[in-house]
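Chemist: please find the sequence and the predicted model below.
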Amino acid sequence: MPEMTHGTPRSPVAADWELDPADAGACERLARTLCTGGHDQVDSPEWVARARDAWEDLPLPLRREVSRFRRHSGPHGTLVIGGLPVDQAALPATPTVLGSVQRRPSVPAALLTMVACGLGEPLAYLAEKSGALVQDVVPVPGQETFHGNAGSVPLSFHTENGFHPHPPDYVVFLCLRADHDRTAGMRVAGIRQALPLLTPAGRQALFAAEFITTPPPSFGPGTTTSEPAVEPRPVLSGAAEDPDIRMAQLVTTPLTTRATAALAEFGRACEATARTLRLSPGDLVIIDNRVTVHGRTAFQPRYDGADRWLQRTYVTTDLRRSRDHRPDDGHVLAR
């Protein structure tokens, strides 16, 4: 991580950096301005435009750290900022239905959207959570074993939407509530830590187009992209010394013997270098989806209205490159 110039450092299992109370108050006041003065929905172009302008008015220390992270996401490919306001006193019960999203303006949604605009542009996929820009990550009754954001069993390592021609560059999470037992952990592992543990043969295989990644369960059955067929891709691409990742342990299939061995080797390297982030309300996590995989430990939901609740948004640094997938130049990829 770059040297922090403002705020309070904390343990690496919590936040890397924490907002001063005065700056947190300034963030809350600014977020509330996005929740008043109209009937805009979170997904509307007007809301995003207001959030984009409001980003420039957030406290300088916060903007500086996000800007530095955008230039280089550091050895772990994650940035965790604590102390953001989530308006806990006004939070409703944790949602318990499939496909839950945040359509109405709120302080957490405003913070997520402003940070997304600081990193690039918010992005969503029509086939996932109905294309909402701000999505709830909550346990859902009956979905305990679901391998996705509605489940509470362990979630294996993955980059977000690596099957798609235009995966997000960043994934941003904001913790609104922690789980009751404080056992749920977000697991992250970056290629910059894992790469030195790979053998030369393993690296060579991971750079070969010998893997197929299909849509995750959160996209529903039968989801396809605009591509005529799912074509083999490498797990690693780009610079040999600092590659990008596209991989999801659940839905990435190796096509050759050496690819099978290399994918298992990569999984072991991720396990050996992984960190577990146990989030508290007000913790914001930015994951560089190009170089970092993430997952989740198991936890026990109670379905009493006070379960673990994260909100999530995706970010692209170049909205233009997906123009042919976005009707009316919006923020939702329709195919």
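Modeler: On my side now, so go ahead. What you see is a predicted model, and the numbers here were worked out from it, not measured in a lab. Numbers count the residues shown, from 1 in each chain.

Chemist: can I assume Leu310 sits in a helix?
Modeler: No. Counting by DSSP: H, G, I helix; E, B strand; the rest coil, Leu310 is not part of a helix but strand.

Chemist: quick one: pLDDT of it?
Modeler: Model confidence at Leu310, given as pLDDT, is 98.

Chemist: what do you get for Gly37?
Modeler: Taking Gly37 on its own, its pLDDT is 71.

Chemist: one more: Gly148?
Modeler: At Gly148, the pLDDT value in this model is 89.

Chemist: and it, how far from Asp136?
Modeler: Distance check for Gly148 against Asp136: by C-beta to C-beta, to the nearest Å, it reads 12 Å. Just so you know, the C-beta spots here come from the backbone N, C-alpha and C atoms, and that holds for glycine as well.

Chemist: for these two, indicate the residue with more neighbours.
Modeler: Higher neighbour count among Gly148 and Asp136: Asp136, with 22 against 18, using other C-beta atoms under 10 Å.

Chemist: who are the neighbours in contact with the spatially closest residue to that one that is not a sequence neighbour?
Modeler: Distance criterion C-beta to C-beta, 6 or more residues apart in numbering; nearest residue to Asp136, sequence neighbours excluded, is Ser100 at 3.9 Å. Applying C-beta atoms under 8 Å, 6 or more residues apart in numbering, we find Ser100 in contact with Gln135, Asp136, Val138, Val140.

Chemist: equivalent analysis for Leu263, please.
Modeler: Leu206, Phe211, Val235, Met247, Thr252, Pro254 are the contacts of Leu263 under C-beta under 8 Å, 6+ apart.

Chemist: the third one contacts Thr252, correct?
Modeler: Yes. At 7.0 Å, Val235 and Thr252 qualify as touching, with contact defined as C-beta atoms under 8 Å.

Chemist: overlap in contacts, those two.
Modeler: The contact sets of Val235 and Thr252 overlap at Phe211, Leu263 (C-beta under 8 Å, 6+ apart).

Chemist: of these two, who's got more company?
Modeler: Taking other C-beta under 10 Å, Val235 and Thr252 do not tie; Val235 has more neighbours (27 against 21).

Chemist: from Val86, how far out is the more buried one?
Modeler: Relative to Val86, and taking C-beta to C-beta, Val235 is found at 35 Å.

Chemist: check Ala194 too.
Modeler: In terms of C-beta to C-beta, Ala194 sits 32 Å off from Val86.

Chemist: and Ser218, by the same measure?
Modeler: 23 Å.

Chemist: close enough to count as contact, Leu195 and Ala240?
Modeler: No. With contacts counted by C-beta under 8 Å, Leu195 stays clear of Ala240, the gap being 9.1 Å.

Chemist: quick one: end-to-end distance for stretch 286-302.
Modeler: Taking C-alpha to C-alpha, to the nearest Å, stretch 286-302 runs 27 Å from one end to the other.

Chemist: again with stretch 318-326
Modeler: Span of stretch 318-326 from end to end, C-alpha to C-alpha: 13 Å.

Chemist: name the residues of that stretch that come out as buried.
Modeler: When neighbours are counted by 16 or more other C-beta atoms under 10 Å, the buried residues of stretch 318-326 are found to be Leu319, Ser322, His325, Arg326.

Chemist: what's the answer for stretch 283-301, then?
Modeler: Buried residues in stretch 283-301, counted by 16+ other C-beta under 10 Å: 283-297, 299, 301.

Chemist: just the ones of those in strands?
Modeler: If you go by DSSP state E, these have Leu284, Val285, Ile286, Ile287, Asp288, Thr292, Val293, His294, Gly295, Arg296 in strands.

Chemist: closest to Leu126 among the contacts of Ser100?
Modeler: The shortest gap between Leu126 and any of these belongs to Gln135, at 12.7 Å (C-beta to C-beta).
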